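Colleague: Sequence and predicted model, in that order:
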Amino acid sequence: MNHWKQFSGVLVALVILLAACSGPGEAVPQGISQGARARDFTLESLDGSKVSLSDYEGKVVLVNLWATWCSPCRAEIPDLEAAYQAHKDRGLVILGVNIEDPLETVAPFVEEFDMSYPVVLDKDGELMKTYRVQGLPMSFIVDADGVIQVRHMGFLSGEQLASYLSQLLPLGAEN
């Protein structure tokens, strides 16, 4: 009987300890994996203003990491721009994140490719490290609730993008 009392006391102490250590928590854990709430970040835009992922809360956000020297990045930009034009009125935001190129290189590149979606600069590659990006291009799509629904490594074709977006954007007239 004495052992049972000791065991019960230890069990009660563990339950109290667990309750004290656990907070209310989020229904979806924050992280960088598909199914996790996307980690927020703030980067500088081409005009010097600060842009955060959380600025687009309630919208579907395709975060596309790219560099001016990356051939597959260059190849996917026309499809990204077309998708942005076709779906921005349905809540799509494309956020182009340039990795480590200087503003003097990025600004004319954005103009040359007629990129009308927001572009920000990851000057030191921190976002690339945070999201454990192994190569470029890399895209992840965050739903309107802030949860990463897609992590796509490599070239993202227009067909692949259309398939992803068909599951995430509200129904509406196609442009």
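Modeller: Here it is on my side, so go on.

Colleague: Residue 148 contacts residue 34, doesn't it?
Modeller: Yes. Using Cβ atoms under 8 Å, residue 148 makes contact with residue 34 at a distance of 5.4 Å. (Glycine included, C-beta is placed from N, CA and C.)

Colleague: between those two, who's got more neighbours?
Modeller: residue 148 (22 against 13; other Cβ atoms under 10 Å).

Colleague: Next, the buried residues of the stretch of helix or strand the more buried one belongs to.
Modeller: Following DSSP states H and E, one finds residue 148 within strand 148-153. Using 16 or more other Cβ atoms under 10 Å as the test for burial, strand 148-153 gives 148-152.

Colleague: same check, this time on stretch 98-115
Modeller: Neighbour-count burial for stretch 98-115 flags 98-99, 101, 106-107, 109-110, 113, 115 (criterion: 16+ other Cβ under 10 Å).

Colleague: residues making contact with it?
Modeller: 46, 65-69, 74, 77-78, 81, 96, 119-125, 127-128, 136 (Cβ atoms under 8 Å, 6 or more residues apart in numbering).

Colleague: which residues touch residue 120?
Modeller: Applying Cβ under 8 Å, 6+ apart, we find residue 120 in contact with 43-46, 51, 95-98.

Colleague: ok, and the closest non-adjacent residue to residue 32?
Modeller: residue 131 (4.9 Å; Cβ to Cβ, 6 or more residues apart in numbering).

Colleague: That neighbour is in contact with residue 140, isn't it?
Modeller: Yes. Judged on Cβ under 8 Å, residue 131 makes contact with residue 140 at a distance of 7.2 Å.

Colleague: Show the residue spans covered by the helices in the protein.
Modeller: 2-21, 71-87, 103-112, 126-130, 158-168 (DSSP state H).

Colleague: Nearest residue to residue 67 in space, ignoring adjacent ones along the chain?
Modeller: Per Cβ to Cβ, 6+ apart, closest to residue 67 is residue 99, 4.9 Å.
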